[in-house]
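Engineer: I would like to see how this sequence folds:
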Amino acid sequence: MAGLIALSNKRCYWPDCSVPIVVAVSGRYIFNVERAHIRAANPNGPRYDPNMPEEGRDAFSNLILLCKPHHTTIDKIDPDKYPVKRLERWKFERESTNVAELRGLTNVTEDRLQELISDAMEVHDKQIKDSLDQLHAINSEAADVLRSLVSELESSRRNDPIIDPDSVSLLDDASRNLQNLGDDAGLLLDSARDLSHLQDSATSLSSAADKIMRSEGIIASLDEAVSNLREVSYLADELKRAAARLEDLR
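Structural biologist: Numbering: from 1, shown residues only. All right, here's what the predicted structure looks like:
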């Protein structure tokens with residue numbers, strides 16, 4: 001089950017179905033879908049293949065995740081409209097980006113799949129922590145905030161076997177975005193210094209850069225700096241030339 005969860009893109013395998021595979025209930029994540037067989041597990045089921053080895057019936061390659069209405073549709077309401085090839089196409093289209101890692105897995109228990117997913121998440125966590133170490137040299141306050149989020153996620157994972165993929169994705173995006181703040185602030189500060197003869201605008205740029213370094217009022221500071229640049233047209237030309245000089249120095 002864990003392998004399917006990892007490759008499902010967090011929703012029912014039925015094309016265009018938006019039903020999530022897990023839902024939050026009272027602070028815990030509960031399965032919202034059912035495991036469905038492409039080829040039936042028993043002789044009386046739909047799409048049963050008598051030539052299929054028994055160990056293959058519950059193999060990863062023969063399973064998809066469906067919400068209850070769609071599971072009922074393919075197995076009981078109108079199974080003839082959903083042959084093996086059609087369901088296999090759904091599976092391939094949904095999992096194609098990551099299926100190589102799990103293709104060929106057979107007779108693997110759910111506990112073992114959960115272990116594999118946990119190992120993968122540990123690697124992912126290490127990558128995030130490495131990024132935080134790099135960010136710390138640029139912006140220690142932002143790095144400390146993100147480290148706190150990492151700790152909360154790790155604590156949540158120890159207490160709840162279902163990891164919220166949206167939280168992990170959000171943390172990953174945040175770490176990537178904040179990693180670039182140091183470069184942006186540094187460039188802005190250097191530009192302000194190069195334009196020091198334009199005292200008022202340079203002060204605004206320096207203030208924006210300092211605030212970015214502290215990760216406080218990022219958007220507001222940049223908006224203010226941009227507004228100042230728009231009000232003084234010749235300053236924009238000076239800034240472009242300064243940026244070009246900075247680019248040459250890289």
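
Engineer: which element, helix or strand, includes L4?
Structural biologist: helix 2-7 (DSSP states H and E).

Engineer: next helix or strand past that helix?
Structural biologist: Helix 2-7 is succeeded, C-terminally, by strand 22-25 (DSSP H and E).

Engineer: and the helix or strand following that next one, what's its mean pLDDT?
Structural biologist: Counting by DSSP H and E, the next helix or strand C-terminal to strand 22-25 is strand 28-31. Averaging pLDDT along strand 28-31 yields 79.

Engineer: against which helices or strands is the helix or strand following strand 28-31 packed?
Structural biologist: Next helix or strand after strand 28-31 toward the C-terminus (DSSP H and E): strand 34-37. Applying 3 or more CB pairs under 8 Å, 6 or more residues apart in numbering; DSSP states H and E, one finds that strand 34-37 contacts strand 63-66, helix 68-72. Where C-beta positions appear, they are placed from N, C-alpha and C, glycine not excepted.

Engineer: got a list of what E93 touches?
Structural biologist: P15 (CB atoms under 8 Å, 6 or more residues apart in numbering).

Engineer: 10 Å - rerun?
Structural biologist: Y13, P15 (CB atoms under 10 Å, 6 or more residues apart in numbering).

Engineer: repeat for R94
Structural biologist: Residues L4, L7, S8, N9, R11, C12, Y13, W14, P15, I64, L65 are the ones in contact with R94 under the rule CB under 10 Å, 6+ apart.

Engineer: what's across from the last one in the sheet?
Structural biologist: Put plainly, it is L65. R35 (DSSP bridges).

Engineer: could I get the contacting residues of it?
Structural biologist: 1, 4-5, 7-8, 10-14, 19, 21, 31-36, 71, 91, 94.

Engineer: now, of these, which are buried?
Structural biologist: Buried by 16 or more other CB atoms under 10 Å: 1, 4-5, 7-8, 10-14, 19, 21, 32-33, 36, 71, 91, 94, out of the contacts of L65.

Engineer: closest to R86 out of the contacts of R94?
Structural biologist: Checking the contacts of R94 against R86 by CB to CB gives P15 as the nearest, at 10.0 Å.

Engineer: just the pLDDT for the closest one.
Structural biologist: 95.

Engineer: I figured it hits K91, correct?
Structural biologist: No - in this structure, P15 is not within contact of K91 by CB atoms under 10 Å, at 11.1 Å.

Engineer: how many neighbours does R57 have?
Structural biologist: Residues near R57, counting by other CB atoms under 10 Å, number 19.

Engineer: look up which helix or strand the closest residue to it other than its chain neighbours falls in, please.
Structural biologist: Of all residues beyond its chain neighbours, the one nearest R57 is A41 (4.6 Å), with distances taken as CB to CB, 6 or more residues apart in numbering. Assigned by DSSP H and E, A41 belongs to neither a helix nor a strand.
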